[in-house]
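S.K.: Curious how this folds, go ahead:
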Amino acid sequence: MQTLRVNGYDMAYLDVGQPRADRPPLVCVHGSLCDFRVWSSVLGPLTQRHRVIAVSLRHCFPEHWDGVGDTYSIAQHVDDMIAFVERLNAGPVDLMGHSRGGHVSFRVAQRRPELLRRLILAEPGGELDATLDPVAVAGPSPLAVRFKTAADQIAAGDIDGGLAFFVNALAGPNAWAHEPAASKQLLRDNAMTLIGQVNDKRLPFSRTDAEAIETPTLFIGGGNTKGLLPHVLHTLAAHVRGSRTVMIPNTTHPMFDQAPQRFSEIVLEFLAG
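M.R.: Just a heads-up that it's a prediction; the model follows:
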């Protein structure tokens with residue numbers, strides 16, 4: 001593990017694989033309640049062709065945050081990722097984000113396209129405004145309300161109870177009970193960040209946002225993912241010019257963990273194009 005000082009914060013990251021003059025680094029941004037360790041199942045195949053840099057966003061493991069303050073936010077994480085890529089001084093990079101990390105990566109591409117060569121969004125998290133979804137209801141989504149309940153449980157000290165509620169709300173009844181022990185521990189290590197997330201007040205995606213993306217973009221989804229996430233993915237993809245979409249059969253939101261070889265093949269093919 002290494003750290004890079006960005007915006008007054010020591011951002012932790014893993015740097016795996018050999019730098020190549022003909023290929024930029026692939027920078028990976030994790031989702032909610034995760035950290036750089038979540039990419040472990042795809043590091044092997046991806047580093048056969050690329051230098052892979054997996055970051056931990058502000059307040060995620062290895063930091064153990066207390067949940068106090070307003071610096072766990074999309075705005076802060078976007079600022080941090082922009083500064084991180086600038087400080088790498090490696091030229092335009094390939095940027096890949098999953099879930100919340102997909103939202104962060106989208107906003108980086110929107111604000112600073114010159115920093116990126118290619119963009120990969122694996123089921124980016126977020127909501128759509130009325131310009132992308134005319135039937136969108138103002139206010140928090142039902143899923144966001146469930147996340148608030150989970151965060152309240154965590155804040156009250158019931159870490160596993162709150163995480164179980166969160167995972168079951170996202171992946172279905174009894175999903176927490178079937179999580180591997182290592183995955184549960186990763187979630188516990190980042191549990192307090194859910195408090196920051198539900199207080200974030202992140203902006204929804206708009207049609208103007210999507211049409212502003214100039215970077216060649218690949219969307220990846222789980223073929224069996226339910227609810228808002230695939231709706232957001234397909235709607236954004238329809239308005240990001242020239243984007244590609246690949247759905248991985250028999251997988252859900254953590255598709256890179258459920259089908260690491262196929263996920264890596266899709267990513268490597270896109271980056272080589």
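
S.K.: P45 and L268 touch, don't they?
M.R.: Yes: between P45 and L268 there is a contact under CB atoms under 8 Å: 7.4 Å. Heads up, the C-betas are built off the backbone N, CA and C, glycines and all.

S.K.: Please enumerate the shared neighbours of those two.
M.R.: With CB atoms under 8 Å, 6 or more residues apart in numbering applied, the contact sets of P45 and L268 do not overlap.

S.K.: can you pull the buried residues of the lowest-mean-pLDDT helix or strand in the chain?
M.R.: Ranking every helix and strand in the chain by mean pLDDT, DSSP states H and E puts helix 142-155 at the bottom, with a mean of 85. Neighbour counts over helix 142-155 (16 or more other CB atoms under 10 Å) mark 143-144, 146-148, 150-151, 153-155 as buried.

S.K.: which stretches of the protein form helices?
M.R.: Per DSSP state H, the chain carries helices over the ranges 40-46, 74-88, 100-111, 142-155, 159-171, 181-189, 193-198, 207-211, 228-239, 255-258, 260-272.

S.K.: Now render these as a markdown table, adding distance to V52.
M.R.: Formatted as a markdown table, the helices of the chain follow (distance: least, CB to CB, whole Å):
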| stretch | distance to V52 |
| --- | --- |
| helix 40-46 | 5 |
| helix 74-88 | 13 |
| helix 100-111 | 14 |
| helix 142-155 | 29 |
| helix 159-171 | 26 |
| helix 181-189 | 18 |
| helix 193-198 | 23 |
| helix 207-211 | 27 |
| helix 228-239 | 23 |
| helix 255-258 | 12 |
| helix 260-272 | 10 |
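
S.K.: Among the ones you listed, show me which one is buried the most.
M.R.: Highest mean neighbour count among the helices of the chain (mean count of other CB atoms under 10 Å): helix 100-111, with a mean of 25.

S.K.: What lies in contact with that one?
M.R.: Residues contacting helix 100-111 (CB under 8 Å, 6+ apart): 28-32, 34, 57, 74, 77-78, 81-82, 85, 95-97, 115-116, 119-126, 197, 202, 205, 209, 212-215, 217, 236.

S.K.: Weed out the non-buried ones from those.
M.R.: Applying 16+ other CB under 10 Å to the contacts of helix 100-111 flags 28-32, 34, 57, 74, 77-78, 81-82, 85, 95-97, 115-116, 119-126, 197, 202, 205, 209, 212-213, 215, 217, 236 as buried.

S.K.: Filter those residues down to the ones in strands?
M.R.: If you go by DSSP state E, these have 28-29, 95-97, 116, 119-122, 217 in strands.

S.K.: out of the residues you listed, which one sits closest to Q258?
M.R.: Nearest to Q258 among these is A122, at 11.8 Å by CB to CB.

S.K.: pretty sure the closest one contacts T217?
M.R.: No: the criterion here is CB under 8 Å, and A122 misses it with T217 at 11.6 Å.
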